[in-house]
Every structure is written in C-alpha cells, then in structure tokens.
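Participant: I'll drop the sequence and a predicted model, then ask my questions.
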Amino acid sequence: MTRRNSTPAGRAARWTSLALVAAVAAPLAACGGDGGSTVALAEATVIAAEAAPDTTVDTTVVDDPMLVAPSTTALPPTTAVETLPATTAPPTVVQTLPTPLPPPEPRADEPYVEVGRLQIPRIGIDTVMLSGITLTTLDLGPGHWPGTAVPGQIGNVVVAGHRTSHNKVFRDIDQLQPGDEVIFTTVDGEFVYRVSETTIVQPDAMYIIDQTWEPTATLFACHPPGSTRERIVVHLDLDTEASTVASTTTDASA
C-alpha cells in the first residue's frame, strides 16, 4: 500500500485539490450532471493529485554538489619557466698577416736598432740582427725587413745582408743545404728554422717578401758575389720542436 504524503506541504496540497474538485463539481451538477459521476470524478482527481510527484523545491537543501558554490580555494601559483641567459658566443679572433713596408730609399738614414741575434752554424755566422734594410743598416749587419713577421710568428721573416762588401755576412749563403739550421734569438725565445730550398731570382722579385700562413723565413743577398744582377734567396721553415719560447712567468718574490 502506497503511503500518502503526510507532510504539511502534502496536506495543504490535498486540501487544495479537494477545494478544486468541489469547485469543478458544482458547475457539473448545475449543468445536470450525474451526482455519482461527479463524486467519482472528484475522488479520482484527488487520488491523481496525491499520486503526482511533489514538485515543490525545498530551497533549504545545501548539500547537493550541483548547488555548492564554486570553491574559492586559490590555485597554486604558476611556476614561471626559468629563462636561461642567452649564450654569448665566443669572440671571433681574426688573424691577419703582417704587412711589409715598401722598399726604402737605398741610402735613407735609419736608427741603429738591434732586434735579435742571427746564427747560421754551417757557414759560421753568429751576429746581431738589426731593424731595417737600407744600405746604412746593411753596412753594419744583416737587417730585418720592417713589417715582415718576427721570428716564431705566423708570416715570413725577411732578412737581407751583404755578400762582398763591409761585413760580408752572407758571403757563403750559397753553401746552405736543405735541413741546415738558421737560428733567430729574440726576447720572445729561440726559434730554429731549417732550409727548405735556395732559388735565384731577378732584382724586382718582390714576391719573396710575401707573407705566409705558416711561420717561414727568407734570407736574400746579391748574386753572384760582387754583382747586383740577380738575388740569391734561401727559404726556411720553422722547426717548432727545436724552438724554445721564452717564459713569461714572473717570480712573485722578486
């Protein structure tokens, strides 16, 4: 047996239904309707009203998840993505070759400047090397062509000397053989070069002072001895294993 709604709201709805039935039944009776039918209709209507689901909304209900107010709990803070600093590319080192100075006036004055020492064991040479290639300088000793490489560095170390006049430093330069040592000593260290070849060129062969991407050296003098018709040129390559670079370490106790 179905239990009827006994709540206050249900009882109120029941009385309301009965009142509606009475209101409906009265016109029917007045219009000549059957009294029994009228009562039956009234009872059926009441039963239907009681059987109908209660659509009254109880607004006091608060535990329905669909009615719970959105949570105000703060979301965890967003972790910022750490941005790494931009990688700094290492600076590009641009290496350039030495730039030889143009040939000077033959008798131009040049200061006396010693730039190192030159040794050629095979022909017994052990002398100072000067800066400059004017006759004023070469009359005193072999001279380093200004602007060409310094011993031990990338480029071509160019040195000129006399064969028959004054000190005759390169008198026997034609006796040098491939593999012979030519030693330059400077403040940067002791640099051993070895003969690679000997050539004979014209006096205007300026290419012999061209700079190279390898450490090389060139010795030249007039040829044949006593004549300026040609030039004898000795080409050298640095022997890095036999060379010694001067130490730059200083004594802290000094």
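Facilitator: Great, that's in hand.
Participant: C-alpha only now, for contacts and for neighbours.
Facilitator: Noted.
Participant: which stretches of the stretch 1-150 of the chain have low pLDDT?
Facilitator: Within the stretch 1-150 of the chain, the segments meeting pLDDT under 70 span 1-90.
Participant: Angles on the backbone of the nearest residue to residue 99 once chain neighbours are set aside, please.
Facilitator: The spatially closest residue to residue 99, leaving aside those adjacent along the chain, is residue 147, at 5.2 Å (CA to CA, 6 or more residues apart in numbering). The phi and psi values for residue 147, taken as degrees, to the nearest 10, are phi 90, psi -20.
Participant: for residue 100, same thing?
Facilitator: phi -60, psi 140.
Participant: cool, residue 202 as well?
Facilitator: The phi/psi pair for residue 202 (degrees, to the nearest 10) is phi -80, psi 160.
Participant: now do the one 5 residues further on
Facilitator: Its backbone dihedrals place residue 207 at phi -60, psi -20, with angles given as degrees, to the nearest 10.
Participant: so where do the helices sit in this protein?
Facilitator: Assigned by DSSP state H, the helices in the chain fall at 8-30, 35-51, 135-138.
Participant: re earlier: wait, what's in contact with the residue nearest to residue 99?
Facilitator: Residue 147 makes contacts with 98, 99, 100, 101, as judged by CA atoms under 8 Å, 6 or more residues apart in numbering.
Participant: Go through those residues and flag which are in strands.
Facilitator: Judged by DSSP state E, the subset of these located in strands is empty.
Participant: Give me the buried subset of those residues.
Facilitator: Listed as buried from the contacts of residue 147 are 98, 100; burial here means 16 or more other CA atoms under 10 Å.
Participant: Tell me the one of the contacts of residue 147 nearest residue 237?
Facilitator: residue 98 (16.7 Å; CA to CA).
Participant: Columns distance to residue 175 on top of the contacts of residue 147, output as CSV?
Facilitator: Formatted as CSV, the contacts of residue 147 follow (distance: CA to CA, whole Å):
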residue, distance to residue 175
98, 30
99, 30
100, 28
101, 29
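Participant: between the contacts of residue 147, which is nearest residue 193?
Facilitator: residue 98 (18.6 Å).
Participant: I'd say the closest one and residue 149 touch.
Facilitator: Yes: if you go by CA atoms under 8 Å, residue 98 and residue 149 touch, sitting 5.8 Å apart.
Participant: Give the intersection of the neighbour lists for those two.
Facilitator: 155, 211.
Participant: Mind jotting down where the strands sit in this protein?
Facilitator: Under DSSP E, the chain gives strands at 114-120, 125-131, 143-144, 155-160, 181-186, 189-201, 215-223, 230-238, 244-245.
Participant: Go through these and name the closest to residue 171.
Facilitator: For the strands of the chain, proximity to residue 171 was assessed by CA to CA; strand 215-223 is nearest, at 8.6 Å.
Participant: Determine the set of other helices and strands touching the closest one.
Facilitator: The helices and strands touching strand 215-223, judged by 3 or more CA pairs under 8 Å, 6 or more residues apart in numbering; DSSP states H and E, are strand 155-160, strand 189-201, strand 230-238.
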